[in-house]
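Novice: predicted model and sequence follow; I will ask about them next.
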Amino acid sequence: MKALSPELQAHLDEGTTTLAWAWRITRADGMTFGFTDHDRTLSFDGTEFEPESGLTASEVRSGSDLSVDAQDAEGVLTSERITETDILDGRWDNAEVEVWRVNWADTSQRVLMRRGAIGEIRRGRLAFVAEMRSLAHVLGQTVGRTFQASCDAALGDARCGVDLEDPAFKGVGAVVGLLRDRAFTASGLGGFEAGWFSYGTIEWTSGANAGRRAEVLGHDVTDGVAVLTLLEPPVRAISEGDAFILRAGCDKRIETCGAKFANTANFRGFPHIPGQDTILRYATKDGGHDGSVL
């Protein structure tokens, strides 16, 4: 239940109200933005809420269970602070959002309706729709360790201990030719065998995607030429000559941990845990019921 100030409650009891929506958005880079659907600037808590910003709120979708409540903010790119480039570069992804209901005639009369984060952003040619998820989405994130056969550490982190800056696990190259929107041939990787960079990462150092990172799905060698396939097409098109840094990948198996990285001591999985085949196994009448391992 929302706690309303006596002044705001009295305003609501009048019947004729001067209410507006206001959104305060704090991005991961620390920048704070304010927007409102009112036709003039509102100001409170040290934030200026820009009017006519092209934002229009939908109804709030909520339930009585623990499902994630959501609301959409739809609008056009009229604000100078909302640029297509920033949306494309993911600067607004997972930004913290506060949704306020405020009396625009007296901004001291306001109530915080909900908190959340920006989820999916769908872009059109002239407009965008930003999904605002409630704090319940945090409950869907895995906390703590997971008991599984494969390793649950991120390659190169403190729990893993592998140094990805080691020249044995790091390569520098450039795009030679384009095969598809996410596949290309590359130079500079002649010293690495096929598959070495599969499940690894690529960091673009030049071109339209400079500064961005992506996951590598596959690393093949055809007639001595390295062929790289990314997990997803990059935000901007790849061009010949784009330079990059590649870092090795890991398929999370203990065999790979030992043979490729000599890092079995830091393996963070449980390779001997029974698999699904144990659960699905059933009794047969051809023997094999002496209690030994099947």
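Specialist: The structure has been received and is ready for your questions. Numbers count the residues shown, from 1 in each chain.

Novice: drop to CA atoms for contacts and neighbour counts, all remaining ones
Specialist: Fine.

Novice: give the contact list for the residue nearest to R253 when sequence neighbours are not counted.
Specialist: Counting by Cα to Cα, 6 or more residues apart in numbering, S150 is the residue found nearest to R253 once chain neighbours are left out, at 5.4 Å. For S150, the contact set (Cα atoms under 8 Å, 6 or more residues apart in numbering) comprises K252, R253, I254, R268, G269, F270, P271.

Novice: reformat those as JSON lines; add neighbour count.
Specialist: Compiled in JSON lines, the contacts of S150 are given as follows (neighbours: other Cα atoms under 10 Å):
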{"residue": "K252", "neighbour count": "19"}
{"residue": "R253", "neighbour count": "17"}
{"residue": "I254", "neighbour count": "22"}
{"residue": "R268", "neighbour count": "23"}
{"residue": "G269", "neighbour count": "19"}
{"residue": "F270", "neighbour count": "16"}
{"residue": "P271", "neighbour count": "16"}
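
Novice: just say helix, strand or coil for the residue nearest to R253.
Specialist: The local conformation at S150, judged by DSSP: H, G, I helix; E, B strand; the rest coil, is coil.

Novice: what separation is there between it and G188?
Specialist: 31 Å (Cα to Cα, to the nearest Å).

Novice: ok, now T284?
Specialist: From T284 across to G188, the span is 56 Å (Cα to Cα).

Novice: more neighbours: which of those two?
Specialist: G188 (14 against 8; other Cα atoms under 10 Å).

Novice: ramachandran angles for the more buried one?
Specialist: phi 90, psi 0 (degrees, to the nearest 10).

Novice: which element, helix or strand, includes the residue lying closest to it once chain neighbours are set aside?
Specialist: With sequence-adjacent residues excluded and distances taken as Cα to Cα, 6+ apart, G188 is closest to G173, at 4.4 Å. When secondary structure is defined by DSSP states H and E, G173 falls within strand 170-180.

Novice: what of F35?
Specialist: Judged by DSSP H and E, F35 forms part of strand 32-36.

Novice: who are the packing partners of the next helix or strand after that strand?
Specialist: Reading on from strand 32-36 to the C-terminus, the next helix or strand found by DSSP H and E is strand 42-44. If you count contacts as 3 or more Cα pairs under 8 Å, 6 or more residues apart in numbering; DSSP states H and E, strand 42-44 packs onto strand 47-50.
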